[in-house]
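*Asks:* Structure for the following, please:
(3 chains)
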Amino acid sequence: MPELPEVETVVRTLAPVVRGRTIVEARFLSPLAAGGRPEELAEALRGRRIVEVRRRGKFIVFELDHGVMTVHLRMTGKLLTTAAESAYARAVFQLDDGEVVFDDVRQFGRVEWAEALPENVARLGPEPLSVSLAEFSAGLKARPRAVKPLLLDQSFVAGLGNIYVDECLHRAGIHPLARASRIGRKKVEALHASMREVLGEAIAAGGSSISDYADAQGRAGWFQRFHRVYGREGEACMHCGGAIQRIVVGQRGTHFCPRCQKR
DNA sequence: ATCTATTCCTGGCTGC
DNA sequence: TGCAGCCAGGAATAGA
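*Replies:* Next up is the predicted model:
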(Lines give C-alpha, C1' and ligand atoms only; values in the text may rest on other atoms or scores of the structure.)
Protein backbone atom coordinates (compact mmCIF):
# COMPACT_ATOMS: atom_id res chain seq x y z
CA MET A 1 0.00 0.00 0.00
CA PRO A 2 1.56 3.20 -1.14
CA GLU A 3 2.33 5.67 1.62
CA LEU A 4 4.62 8.68 1.55
CA PRO A 5 7.87 6.84 0.64
CA GLU A 6 6.17 4.83 -2.10
CA VAL A 7 4.40 7.85 -3.59
CA GLU A 8 7.65 9.80 -3.41
CA THR A 9 9.41 6.99 -5.28
CA VAL A 10 6.70 6.93 -7.94
CA VAL A 11 7.02 10.69 -8.42
CA ARG A 12 10.81 10.50 -8.65
CA THR A 13 10.71 7.79 -11.28
CA LEU A 14 7.77 9.29 -13.16
CA ALA A 15 8.51 13.01 -13.24
CA PRO A 16 11.60 12.93 -15.47
CA VAL A 17 9.69 10.90 -18.06
CA VAL A 18 6.48 12.93 -18.24
CA ARG A 19 7.56 16.48 -17.41
CA GLY A 20 6.90 18.72 -20.40
CA ARG A 21 4.89 16.05 -22.22
CA THR A 22 1.38 16.59 -23.55
CA ILE A 23 -1.57 14.32 -22.81
CA VAL A 24 -2.81 13.47 -26.29
CA GLU A 25 -5.62 11.34 -24.95
CA ALA A 26 -6.80 9.95 -21.60
CA ARG A 27 -8.76 6.71 -21.83
CA PHE A 28 -10.58 5.29 -18.83
CA LEU A 29 -10.97 1.54 -19.03
CA SER A 30 -12.79 1.61 -15.71
CA PRO A 31 -15.16 4.49 -14.93
CA LEU A 32 -14.37 4.00 -11.23
CA ALA A 33 -10.83 5.28 -11.75
CA ALA A 34 -12.35 8.55 -12.97
CA GLY A 35 -14.73 8.81 -10.04
CA GLY A 36 -17.63 7.78 -12.28
CA ARG A 37 -17.12 10.59 -14.83
CA PRO A 38 -14.72 9.20 -17.41
CA GLU A 39 -15.92 11.34 -20.35
CA GLU A 40 -15.71 14.62 -18.46
CA LEU A 41 -12.27 13.79 -17.13
CA ALA A 42 -10.97 12.67 -20.51
CA GLU A 43 -12.24 15.91 -22.02
CA ALA A 44 -10.55 18.03 -19.34
CA LEU A 45 -7.23 16.26 -19.81
CA ARG A 46 -7.11 16.15 -23.60
CA GLY A 47 -4.28 18.29 -24.95
CA ARG A 48 -3.00 19.38 -21.55
CA ARG A 49 0.72 19.77 -21.06
CA ILE A 50 2.32 18.39 -17.89
CA VAL A 51 4.29 21.25 -16.38
CA GLU A 52 5.45 19.50 -13.21
CA VAL A 53 4.78 16.39 -11.12
CA ARG A 54 5.09 16.48 -7.36
CA ARG A 55 3.93 14.72 -4.22
CA ARG A 56 1.72 16.16 -1.49
CA GLY A 57 0.97 13.69 1.28
CA LYS A 58 -0.02 10.53 -0.55
CA PHE A 59 -1.34 12.45 -3.56
CA ILE A 60 0.50 12.67 -6.86
CA VAL A 61 -0.07 16.18 -8.20
CA PHE A 62 0.28 16.87 -11.92
CA GLU A 63 0.48 20.60 -12.51
CA LEU A 64 -0.90 21.11 -16.00
CA ASP A 65 -0.86 24.10 -18.32
CA HIS A 66 -4.52 24.40 -17.37
CA GLY A 67 -5.70 22.96 -14.07
CA VAL A 68 -4.38 20.21 -11.82
CA MET A 69 -4.65 16.45 -12.14
CA THR A 70 -4.37 14.51 -8.90
CA VAL A 71 -3.90 10.78 -8.53
CA HIS A 72 -4.35 8.83 -5.31
CA LEU A 73 -3.09 5.24 -5.47
CA ARG A 74 -4.91 4.15 -2.30
CA MET A 75 -4.22 0.44 -1.77
CA THR A 76 -3.06 -1.11 -5.01
CA GLY A 77 -2.68 1.70 -7.50
CA LYS A 78 0.37 2.10 -9.74
CA LEU A 79 1.39 4.65 -12.32
CA LEU A 80 3.48 2.81 -14.89
CA THR A 81 5.48 4.16 -17.79
CA THR A 82 5.70 0.69 -19.30
CA ALA A 83 2.39 -0.94 -20.27
CA ALA A 84 4.16 -4.31 -20.18
CA GLU A 85 4.18 -4.14 -16.37
CA SER A 86 0.43 -3.57 -16.14
CA ALA A 87 -1.97 -6.40 -15.31
CA TYR A 88 -5.00 -4.33 -14.25
CA ALA A 89 -4.99 -1.20 -16.40
CA ARG A 90 -7.80 1.19 -15.41
CA ALA A 91 -6.71 4.25 -17.37
CA VAL A 92 -4.20 5.00 -20.10
CA PHE A 93 -2.66 8.44 -20.65
CA GLN A 94 -1.37 8.63 -24.19
CA LEU A 95 1.40 11.22 -24.30
CA ASP A 96 3.00 12.91 -27.29
CA ASP A 97 6.00 10.77 -26.39
CA GLY A 98 5.21 7.58 -24.50
CA GLU A 99 2.32 6.65 -22.25
CA VAL A 100 1.40 6.28 -18.59
CA VAL A 101 -0.84 3.47 -17.39
CA PHE A 102 -2.87 3.74 -14.20
CA ASP A 103 -3.03 0.17 -12.93
CA ASP A 104 -5.14 -0.75 -9.90
CA VAL A 105 -6.32 -4.21 -8.85
CA ARG A 106 -8.78 -3.20 -6.17
CA GLN A 107 -10.00 -0.03 -7.82
CA PHE A 108 -9.79 2.20 -4.76
CA GLY A 109 -7.46 4.60 -6.51
CA ARG A 110 -8.74 7.79 -8.16
CA VAL A 111 -7.76 10.21 -10.88
CA GLU A 112 -9.22 13.71 -10.59
CA TRP A 113 -8.94 17.01 -12.37
CA ALA A 114 -9.77 20.51 -11.12
CA GLU A 115 -9.12 24.11 -12.17
CA ALA A 116 -7.06 24.60 -9.01
CA LEU A 117 -5.62 22.41 -6.27
CA PRO A 118 -8.66 20.49 -4.94
CA GLU A 119 -9.87 20.87 -1.38
CA ASN A 120 -8.88 17.35 -0.31
CA VAL A 121 -5.26 18.18 -1.14
CA ALA A 122 -5.35 21.78 0.06
CA ARG A 123 -6.54 20.80 3.53
CA LEU A 124 -3.76 18.28 4.16
CA GLY A 125 -1.63 18.78 7.23
CA PRO A 126 2.12 19.47 7.12
CA GLU A 127 4.61 17.09 5.55
CA PRO A 128 6.19 14.81 8.18
CA LEU A 129 9.62 15.34 6.63
CA SER A 130 9.50 19.09 6.98
CA VAL A 131 7.19 19.87 9.90
CA SER A 132 9.10 21.62 12.68
CA LEU A 133 9.44 20.04 16.07
CA ALA A 134 7.69 23.05 17.60
CA GLU A 135 4.63 22.75 15.34
CA PHE A 136 4.48 18.97 15.64
CA SER A 137 4.86 19.11 19.39
CA ALA A 138 2.17 21.78 19.76
CA GLY A 139 -0.17 19.71 17.58
CA LEU A 140 0.25 16.63 19.74
CA LYS A 141 -0.20 18.66 22.93
CA ALA A 142 -3.55 19.95 21.69
CA ARG A 143 -5.03 16.51 20.98
CA PRO A 144 -6.19 14.19 23.73
CA ARG A 145 -6.84 11.34 21.29
CA ALA A 146 -4.83 8.16 20.77
CA VAL A 147 -1.60 8.86 18.93
CA LYS A 148 -1.91 6.24 16.18
CA PRO A 149 -5.25 7.40 14.75
CA LEU A 150 -3.96 10.97 15.04
CA LEU A 151 -0.86 10.19 12.96
CA LEU A 152 -3.07 8.48 10.38
CA ASP A 153 -5.24 11.61 10.19
CA GLN A 154 -4.03 13.30 6.99
CA SER A 155 -5.10 16.71 8.25
CA PHE A 156 -2.65 16.34 11.14
CA VAL A 157 0.35 15.13 9.14
CA ALA A 158 0.11 14.14 5.49
CA GLY A 159 1.60 10.96 4.13
CA LEU A 160 1.81 8.44 6.94
CA GLY A 161 -0.18 5.22 6.57
CA ASN A 162 -0.59 2.07 8.58
CA ILE A 163 2.87 0.62 7.99
CA TYR A 164 4.93 3.70 8.71
CA VAL A 165 2.92 4.82 11.72
CA ASP A 166 3.61 1.47 13.36
CA GLU A 167 7.30 1.67 12.45
CA CYS A 168 7.67 5.26 13.69
CA LEU A 169 5.92 4.58 17.00
CA HIS A 170 8.10 1.55 17.63
CA ARG A 171 11.30 3.46 16.99
CA ALA A 172 10.14 6.22 19.30
CA GLY A 173 9.05 3.76 22.00
CA ILE A 174 5.47 5.02 22.11
CA HIS A 175 2.40 2.83 22.58
CA PRO A 176 -0.09 3.25 19.69
CA LEU A 177 -2.90 3.97 22.16
CA ALA A 178 -0.96 6.59 24.13
CA ARG A 179 -2.84 9.88 24.41
CA ALA A 180 -1.07 12.33 22.12
CA SER A 181 -1.34 15.25 24.53
CA ARG A 182 0.30 13.27 27.33
CA ILE A 183 3.40 12.09 25.53
CA GLY A 184 6.50 13.48 27.23
CA ARG A 185 8.89 15.92 25.59
CA LYS A 186 11.64 13.33 25.05
CA LYS A 187 9.27 10.90 23.35
CA VAL A 188 7.78 13.64 21.20
CA GLU A 189 11.29 14.52 20.05
CA ALA A 190 11.96 10.84 19.39
CA LEU A 191 8.77 10.56 17.33
CA HIS A 192 9.59 13.65 15.33
CA ALA A 193 13.06 12.24 14.63
CA SER A 194 11.73 8.75 13.87
CA MET A 195 9.46 10.10 11.12
CA ARG A 196 12.47 11.58 9.37
CA GLU A 197 14.56 8.46 9.89
CA VAL A 198 11.97 5.87 8.90
CA LEU A 199 10.59 7.78 5.92
CA GLY A 200 14.07 8.78 4.78
CA GLU A 201 15.34 5.21 4.93
CA ALA A 202 12.22 3.93 3.20
CA ILE A 203 12.59 6.43 0.35
CA ALA A 204 16.24 5.41 -0.01
CA ALA A 205 15.07 1.79 -0.29
CA GLY A 206 12.50 2.62 -2.95
CA GLY A 207 9.58 2.07 -0.56
CA SER A 208 8.02 -1.08 0.87
CA SER A 209 6.53 -3.69 -1.45
CA ILE A 210 4.14 -5.74 0.67
CA SER A 211 1.91 -6.98 -2.11
CA ASP A 212 1.36 -4.76 -5.11
CA TYR A 213 3.48 -1.66 -4.85
CA ALA A 214 5.85 -0.80 -7.69
CA ASP A 215 7.48 2.39 -8.96
CA ALA A 216 6.81 3.92 -12.38
CA GLN A 217 9.12 1.37 -13.99
CA GLY A 218 7.36 -1.52 -12.28
CA ARG A 219 10.20 -2.13 -9.82
CA ALA A 220 9.50 -3.24 -6.24
CA GLY A 221 10.96 -1.51 -3.18
CA TRP A 222 12.82 -3.37 -0.45
CA PHE A 223 12.15 -1.44 2.77
CA GLN A 224 9.82 -4.25 3.93
CA ARG A 225 13.02 -6.16 4.77
CA PHE A 226 13.73 -3.54 7.41
CA HIS A 227 10.31 -3.42 9.02
CA ARG A 228 10.70 -3.88 12.77
CA VAL A 229 7.06 -4.41 13.72
CA TYR A 230 4.70 -4.27 10.73
CA GLY A 231 3.71 -7.79 9.66
CA ARG A 232 5.94 -9.34 12.36
CA GLU A 233 3.33 -10.55 14.86
CA GLY A 234 4.82 -13.14 17.20
CA GLU A 235 8.35 -12.53 15.97
CA ALA A 236 11.12 -11.20 18.18
CA CYS A 237 11.49 -7.47 18.73
CA MET A 238 14.82 -6.41 17.25
CA HIS A 239 15.40 -4.15 20.22
CA CYS A 240 14.43 -6.23 23.27
CA GLY A 241 13.75 -9.71 21.91
CA GLY A 242 10.16 -9.74 23.16
CA ALA A 243 7.27 -10.91 20.99
CA ILE A 244 5.71 -8.39 18.63
CA GLN A 245 2.00 -8.10 19.31
CA ARG A 246 -0.86 -7.33 16.94
CA ILE A 247 -3.96 -5.49 18.10
CA VAL A 248 -6.69 -3.58 16.30
CA VAL A 249 -6.75 0.20 16.69
CA GLY A 250 -9.36 2.16 14.81
CA GLN A 251 -10.15 -0.87 12.64
CA ARG A 252 -6.49 -1.11 11.59
CA GLY A 253 -4.07 -3.92 12.24
CA THR A 254 -1.54 -2.47 14.67
CA HIS A 255 1.85 -3.96 15.42
CA PHE A 256 3.98 -3.03 18.40
CA CYS A 257 6.34 -4.32 21.07
CA PRO A 258 4.62 -4.35 24.47
CA ARG A 259 8.01 -4.14 26.21
CA CYS A 260 9.48 -1.25 24.24
CA GLN A 261 6.20 0.62 23.83
CA LYS A 262 4.60 0.86 27.26
CA ARG A 263 1.18 2.40 27.69
C1' DA B 1 -13.60 16.81 19.37
C1' DT B 2 -13.39 12.04 19.24
C1' DC B 3 -15.12 7.63 18.56
C1' DT B 4 -17.08 3.62 15.94
C1' DA B 5 -19.07 1.54 12.06
C1' DT B 6 -19.82 1.41 7.16
C1' DT B 7 -18.79 1.74 2.30
C1' DC B 8 -15.87 0.96 -1.65
C1' DC B 9 -13.07 -3.53 -4.18
C1' DT B 10 -10.96 -7.99 -5.32
C1' DG B 11 -6.92 -11.34 -5.06
C1' DG B 12 -5.41 -14.37 -1.95
C1' DC B 13 -5.87 -16.88 1.94
C1' DT B 14 -8.25 -20.15 5.37
C1' DG B 15 -10.99 -23.90 6.49
C1' DC B 16 -14.10 -27.43 5.49
C1' DT C 1 -9.82 -30.07 -5.75
C1' DG C 2 -13.35 -26.74 -5.04
C1' DC C 3 -15.66 -23.29 -3.03
C1' DA C 4 -17.65 -20.16 0.41
C1' DG C 5 -16.31 -16.77 3.46
C1' DC C 6 -13.25 -13.62 5.23
C1' DC C 7 -9.34 -10.41 5.22
C1' DA C 8 -6.36 -6.36 3.90
C1' DG C 9 -7.05 -1.08 4.28
C1' DG C 10 -7.22 4.95 2.84
C1' DA C 11 -10.52 8.02 2.86
C1' DA C 12 -15.14 9.70 3.03
C1' DT C 13 -19.21 9.61 5.56
C1' DA C 14 -22.85 9.00 9.02
C1' DG C 15 -24.24 8.76 13.56
C1' DA C 16 -23.29 8.52 18.62
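
*Asks:* can we go C-alpha only for contacts and neighbour counts from here?
*Replies:* OK.

*Asks:* which residues does the nearest residue to A:Met1 once chain neighbours are set aside contact?
*Replies:* Spatially, and ignoring its direct neighbours in sequence, A:Met1 is nearest to A:Met75 (4.6 Å; CA to CA, 6 or more residues apart in numbering). A:Met75 makes contact with A:Met1, A:Pro2, A:Arg106, A:Phe108, A:Gly109, according to CA atoms under 8 Å, 6 or more residues apart in numbering.

*Asks:* Please pick the buried ones from those residues.
*Replies:* A:Met1, A:Pro2, A:Gly109 (16 or more other CA atoms under 10 Å).

*Asks:* quick one: contacts of stretch A:141-150?
*Replies:* Identification of contacts with stretch A:141-150 by CA under 8 Å, 6+ apart yields A:156, A:165-166, A:176-183, A:249-250.

*Asks:* For the residues you listed, which ChimeraX command selects only the ones that are buried?
*Replies:* A single ChimeraX command selects the buried members of the contacts of stretch A:141-150 (16+ other CA under 10 Å):
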select /A:156,165,166,176,177,178,179,180,181,182,183
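
*Asks:* Can you flag which of the contacts of stretch A:141-150 belong to strands?
*Replies:* Counting by DSSP state E, the part of these found in strands is A:Val249.

*Asks:* Out of the contacts of stretch A:141-150, which are close to DNA strand C?
*Replies:* When the contacts of stretch A:141-150 are checked against DNA strand C using CA under 7 Å from any atom of the strand, none falls in range.

*Asks:* and which of the contacts of stretch A:141-150 is nearest DNA strand B?
*Replies:* DNA strand B lies nearest to A:Gly250 out of the contacts of stretch A:141-150, by CA to the nearest atom of the strand, at 4.5 Å.

*Asks:* From A:Leu177, how far out is that closest one?
*Replies:* A:Gly250 sits 10 Å away from A:Leu177, going by CA to CA, to the nearest Å.

*Asks:* and the stretch 1-150 of chain A, which residues reach DNA strand C?
*Replies:* Contacts of the stretch 1-150 of chain A with DNA strand C, taken as CA under 7 Å from any atom of the strand, map to A:Met1, A:Glu3, A:Lys58, A:Arg74, A:Met75, A:Arg106, A:Phe108, A:Asn120.

*Asks:* Between those residues, which sits nearest A:Ala83?
*Replies:* Nearest to A:Ala83 among these is A:Arg106, at 18.1 Å by CA to CA.

*Asks:* got a list of what the closest one touches?
*Replies:* Contact analysis of A:Arg106 by CA under 8 Å, 6+ apart lists A:Met75, A:Thr76, A:Gly77.

*Asks:* Give me the buried positions along stretch A:35-51.
*Replies:* Of all the residues in stretch A:35-51, those buried under the rule 16+ other CA under 10 Å are A:Pro38, A:Leu41, A:Ala42, A:Ala44, A:Leu45, A:Arg46, A:Gly47, A:Arg48, A:Arg49, A:Ile50, A:Val51.

*Asks:* could those be laid out in TSV, adding distance to A:Ala138 and secondary structure?
*Replies:* Output for these, formatted as TSV (distance: CA to CA, whole Å; DSSP: H, G, I helix; E, B strand; the rest coil):
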residue	distance to A:Ala138	secondary structure
A:Pro38	43	helix
A:Leu41	40	helix
A:Ala42	43	helix
A:Ala44	41	helix
A:Leu45	41	helix
A:Arg46	45	coil
A:Gly47	45	coil
A:Arg48	42	coil
A:Arg49	41	strand
A:Ile50	38	strand
A:Val51	36	strand
